[in-house]
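Chemist: Okay, here's the prediction I keep looking at, along with the sequence it came from:
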Amino acid sequence: MIGAVEALQRLKEGNQRFVKGLRSIESMTTHTRRDELTGGQTPFAIILGCSDSRVPAEIVFDQGLGDLFVIRVAGNIVAPSQIGSVEFAASQFETRLVVVLGHSQCGAIRATVDELKRPNAEQSQNIKSIVDRIRPSVEPFKVTELWHDDDELIEQSMRANVRASANQLRHGSSLLEKLSDNDGLLIVGAEYSLETGEVIFFEGLPE
């Protein structure tokens, strides 16, 4: 089993390779592992990320087949199915690092901001269910100067949403809470920059 701190370092090193336009030998030859992975998997990190096509976790962290257990949903929100998926990987594969990965210019965050500023009665109920989960992270900014600066509002709302999702994983599951308290599970928040390709880890990091 790879510990959370070592797993976090592997992600950071992989992202730096991605930013520099490099690839590890392991990720370049990942297709050769296909047969050996038919017998099982041992991903070293769980990534709860956004569905945005510009943020594929395996690529931005320069990892290959079997390395990451990736859950993707618009706005990297946390619903019961996402919690269950994280629980599954943490308990079945003993994966000890969970990363909630937001990103700059997030469309789900922008949709939430737009809905709060200009409510749309005809909005799809399915999209509304996503917006409603992000809404609590955005609403506090209504009484701040950020409310009049869309770019900064979306950036800070994205980070608040990442924090909220990470906190919900920590405290919305007795299984994950137990693993965090007793078995080394670490849940952190991070932001991917579409502009630079860099991932910044900013929440829940070990001291």
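Modeler: Yep, that arrived. Residues are numbered from 1 along each chain as shown.

Chemist: Please make it C-alpha for all contacts and neighbour counts, starting now.
Modeler: Fine.

Chemist: how about the strands in the protein?
Modeler: 45-49, 68-72, 97-103, 186-192, 199-203 (DSSP state E).

Chemist: mind putting those strands in TSV, mean pLDDT included?
Modeler: Below are the strands of the chain laid out as TSV (pLDDT from 0 to 100):
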stretch	mean pLDDT
strand 45-49	98
strand 68-72	98
strand 97-103	98
strand 186-192	98
strand 199-203	97
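
Chemist: of all those strands, which lies closest to Glu155?
Modeler: Closest to Glu155 of the strands of the chain, according to C-alpha to C-alpha: strand 97-103, at 8.5 Å.

Chemist: Let me know the angle separating the closest one from strand 45-49.
Modeler: Angle, strand 97-103 to strand 45-49, by axes from the mean of the first three to the mean of the last three C-alpha atoms, to 10 degrees: 30 degrees.

Chemist: Neighbouring strands of strand 97-103 in the sheet, and parallel or not?
Modeler: Strand 97-103 has the following strand partners under DSSP bridges: strand 45-49 (parallel), strand 186-192 (parallel).

Chemist: Low-confidence regions, the protein specifically.
Modeler: 27-31 (pLDDT under 70).

Chemist: picking up where we left off before, what would the strands paired with strand 97-103 look like in JSON lines with mean neighbour count?
Modeler: Conversion of these to JSON lines gives the following (neighbours: other C-alpha atoms under 10 Å):
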{"stretch": "strand 45-49", "mean neighbour count": "26"}
{"stretch": "strand 186-192", "mean neighbour count": "23"}
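
Chemist: how about JSON lines for these, with distance to Leu65 added?
Modeler: What follows is these, written out as JSON lines (distance: least, C-alpha to C-alpha, whole Å):
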{"stretch": "strand 45-49", "distance to Leu65": "12"}
{"stretch": "strand 186-192", "distance to Leu65": "21"}
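
Chemist: which stretch among those strands comes nearest His171?
Modeler: Using C-alpha to C-alpha as the measure, strand 186-192 is the one of the strands paired with strand 97-103 that comes nearest His171, at 10.9 Å.

Chemist: export that closest one as PDB, just CAs?
Modeler: Provided in PDB are the C-alpha atoms of strand 186-192 (Å, rounded to 0.1, in the frame of the first residue of the first chain):
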ATOM      1  CA  LEU A 186      -5.900  11.900   3.400                       C
ATOM      2  CA  ILE A 187      -8.500  14.100   1.600                       C
ATOM      3  CA  VAL A 188      -7.100  17.200  -0.100                       C
ATOM      4  CA  GLY A 189      -8.300  19.900  -2.400                       C
ATOM      5  CA  ALA A 190      -6.600  21.100  -5.500                       C
ATOM      6  CA  GLU A 191      -7.000  23.500  -8.500                       C
ATOM      7  CA  TYR A 192      -5.900  22.800 -12.100                       C
END
